[in-house]
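Enquirer: The amino acid sequence is not available; the structure is as follows:
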């Protein structure tokens with residue numbers, strides 16, 4: 001009975017957070033002064049969305065839509081993939097360094113920061129960074145001092161280093177059954193990230209293998225391969241070694257490279 005009394009509040013908290021996450025989406029739209037502002041949107045999960053409304057009919061369409069989003073950050077689109085649930089794209093700095101990952105909704109063309117590591121671990125463009133949409137002035141979605149949705153050293157509604165309403169693990173992946181806490185004692189190299197991802201797969205009794213790591217600010221993303229073909233993705237935190245599976249993609253369909 002005592003165990004049940006301790007567990008029930010946690011279950012209620014998880015359910016409440018899941019409901020909030022499902023209901024919140026923000027679209028970045030141009031205001032009358034030519035800047036960008038955040039507004040409510042039906043798609044996305046606490047991300048930054050490009051104007052949607054048109055069905056994406058292929059990889060080329062997805063890349064064009066992702067580039068509209070990337071333009072706001074002075075980035076360019078690299079690799080684009082089609083999964084059964086959505087399109088995925090890597091955004092790059094102008095010098096070719098990887099910046100972040102985004103998803104494109106097939107039905108509406110809405111673009112937003114990818115769930116998971118891109119939002120929570122990316123030290124430059126994630127929710128816990130000083131990320132700004134160009135012209136937006138920051139504020140509500142993040143900043144070093146926190147905002148309603150962001151966090152900094154003081155946290156905010158979404159947490160930060162000292163936690164907030166959703167700090168302390170709920171939004172860093174630890175409530176996700178596909179997430180594994182970090183075991184690293186220092187900075188994680190690309191080779192170590194691949195070894196940790198391989199160990200994670202072995203723990204899942206998977207016969208898949210791990211590809212070479214793509215280096216993003218604060219974490220690595222690696223392809224999961226079966227018979228040499230992409231079957232999914234994992235990310236590894238560059239500081240802690242935590243592993244986070246991109247379970248939301250669905251089945252891999254096709255790919256468009258630069």
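Expert: Received it, and whenever you're ready, just let me know what you need. Every value quoted in this text rests on a predicted model; they were computed, and no experiment measured them.
Enquirer: where exactly do the helices run in the protein?
Expert: Assigned helices in the chain, in chain order: 2-23, 59-71, 117-120, 190-203 (criterion: DSSP state H).
Enquirer: If you count neighbours, what's buried in the second one?
Expert: For helix 59-71, a neighbour-count test (16 or more other CB atoms under 10 Å) marks 59, 61-63, 65-67, 69-70 as buried. Heads up, the C-betas are built off the backbone N, CA and C, glycines and all.
Enquirer: from what I can see residue 250 touches residue 84, true?
Expert: Yes: with contact defined as CB atoms under 8 Å, residue 250 reaches residue 84; the gap is 3.5 Å.
Enquirer: higher neighbour count, the two?
Expert: More crowded of residue 250 and residue 84, by other CB atoms under 10 Å: residue 250, with 13 against 10.
Enquirer: tell me the pLDDT at that one?
Expert: On the pLDDT scale, residue 250 is placed at 94.
Enquirer: And residue 129, by the same measure?
Expert: Reported pLDDT for residue 129: 75.
Enquirer: Does it touch residue 122 like I think?
Expert: Yes: using CB under 8 Å, residue 129 is in contact with residue 122, at 6.5 Å.
Enquirer: More neighbours: the two, which one.
Expert: Neighbours were counted for residue 129 and for residue 122 using other CB under 10 Å; residue 122 has more, 23 against 20.
Enquirer: For the more buried one, give me phi and psi.
Expert: With angles defined as degrees, to the nearest 10, residue 122 sits at phi -70, psi 120.
Enquirer: and the gap between it and residue 84?
Expert: 25 Å (CB to CB, to the nearest Å).
Enquirer: Check residue 54 too.
Expert: Residue 54 is 20 Å from residue 84, by CB to CB.
Enquirer: related to what we said a few turns ago, which one among the buried residues of helix 59-71 gets closest to residue 223?
Expert: Checking the buried residues of helix 59-71 against residue 223 with CB to CB, the nearest one is residue 59 at 16.8 Å.
Enquirer: pLDDT score for the closest one?
Expert: 97.
Enquirer: And residue 72, by the same measure?
Expert: So residue 72 comes in at 90 (pLDDT).
Enquirer: cool, and residue 109?
Expert: In this model, residue 109 carries a pLDDT of 93.
Enquirer: what's the answer for residue 240, then?
Expert: Predicted confidence (pLDDT) for residue 240: 90.
Enquirer: Now stretch 209-219: buried residues?
Expert: Residues 209-211, 213-214, 216-219 are the ones in stretch 209-219 that count as buried (16+ other CB under 10 Å).
Enquirer: possible to save those residues as TSV with distance to residue 95 and pLDDT?
Expert: Shown next, in TSV, are the buried residues of stretch 209-219 (distance: CB to CB, whole Å; pLDDT from 0 to 100):
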residue	distance to residue 95	pLDDT
209	30	95
210	26	96
211	23	95
213	19	97
214	15	97
216	14	98
217	14	97
218	18	95
219	19	97
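Enquirer: how about residue 106, what does it touch?
Expert: 55-56, 86-87 (CB atoms under 8 Å, 6 or more residues apart in numbering).
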